[in-house]
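all I have is the shape, not the residue letters:
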Ligand code: 5GP
């Protein structure tokens, strides 16, 4: 998505540790119209693919998941993050190591919101090492639901997780795919 690449080049800031800061439009301040455009682009990519729910993890994925859900006319569900593994039996859970916070937490989705008949589209803001996606995939599998694919705003391709998922047969669509990233510049995959 050209508009996303241009926005990353204009407003993004590369921080130490391979972290791209996009607080001005995606992570803290939301560019409302642009978030909706991303949702519509995701809906276009998945037109004709059965999707009954969009799934993300709180908090940074929620805006995009809601935008995609609105554009696709399906509910969006977010997994909640918990520090402790001591959760009720009424939830599906998975452990996720956080790329940005360098700690492991549990993600949980209430069983009533995801079931065997669901076709689930995972949506997230970033794909780095793939831990968040794999945690959500585990929850989808636990629910006996079907994974329709993963739609990501920004994939950091140089971290390799997206291509590994693709090689495993998982559909992964990234609207901007960064091939290299240093404090002096970024390049996108053609
Ligand atoms: P992964 O689980 O793929 O390693 O990391 C994905 C999660 O970490 C995303 O949900 C996102 O919140 C966060 N994340 C990973 N890399 C970045 C980054 O470069 N910038 C920001 N803002 N968040 C990131």
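Nice, I can see it. What you see is a predicted model, and the numbers here were worked out from it, not measured in a lab.

what does the protein have sitting close to the ligand?
Taking Cβ under 6 Å from any ligand atom as the criterion, the neighbours of the ligand within the chain are 19-21, 27, 60-61, 99-100, 124-132, 161. Placement of C-beta: from N, CA and C, glycine included.

filter those residues down to just the buried residues.
Those of the residues of the chain next to the ligand that meet the buried threshold are 20, 27, 60-61, 99, 124-132, 161, by 16 or more other Cβ atoms under 10 Å.

in helices only, show me those residues.
Filtering these for membership in helices, criterion DSSP state H, returns 131-132, 161.

what residues does the helix or strand hosting residue 94 touch?
Element membership for residue 94, per DSSP states H and E: strand 91-97. By Cβ atoms under 8 Å, 6 or more residues apart in numbering, the residues outside strand 91-97 that reach it are 57, 81, 85, 87, 103-111, 114, 129, 131-132, 134-136, 138-139, 142-143.

residues contacting residue 35?
Residue 35 makes contact with 25-26, 63-64, 67, according to Cβ under 8 Å, 6+ apart.

which residue ends up closest to the midpoint of this structure in space?
With distances taken as Cα atoms, centre = their mean, the chain has residue 124 as the residue nearest its mean C-alpha position (1.5 Å).

grab the nearest non-local neighbour of that residue.
For residue 124, the nearest residue in space outside its immediate sequence neighbours is residue 61; the separation is 4.4 Å by Cβ to Cβ, 6 or more residues apart in numbering.

then residue 118?
If you skip the residues right next to it in sequence, residue 118 has residue 145 as its closest partner in space, 4.0 Å away by Cβ to Cβ, 6+ apart.

show the contacting residues for that neighbour.
When contacts are counted by Cβ under 8 Å, 6+ apart, residue 145 touches 53, 114-120.

for residue 73, see how far away it is.
According to Cβ to Cβ, to the nearest Å, residue 145 stands 18 Å off from residue 73.

please apply the same query to residue 60.
23 Å.

got it, and residue 101?
Residue 101 is 34 Å from residue 73, by Cβ to Cβ.

what of residue 122?
Between residue 122 and residue 73 the distance is 18 Å, computed by Cβ to Cβ.

kindly check the end-to-end length of stretch 13-30 for me.
With Cα to Cα, to the nearest Å as the measure, the ends of stretch 13-30 fall 16 Å from one another.

ugh, wrong one, I meant stretch 182-190
18 Å.
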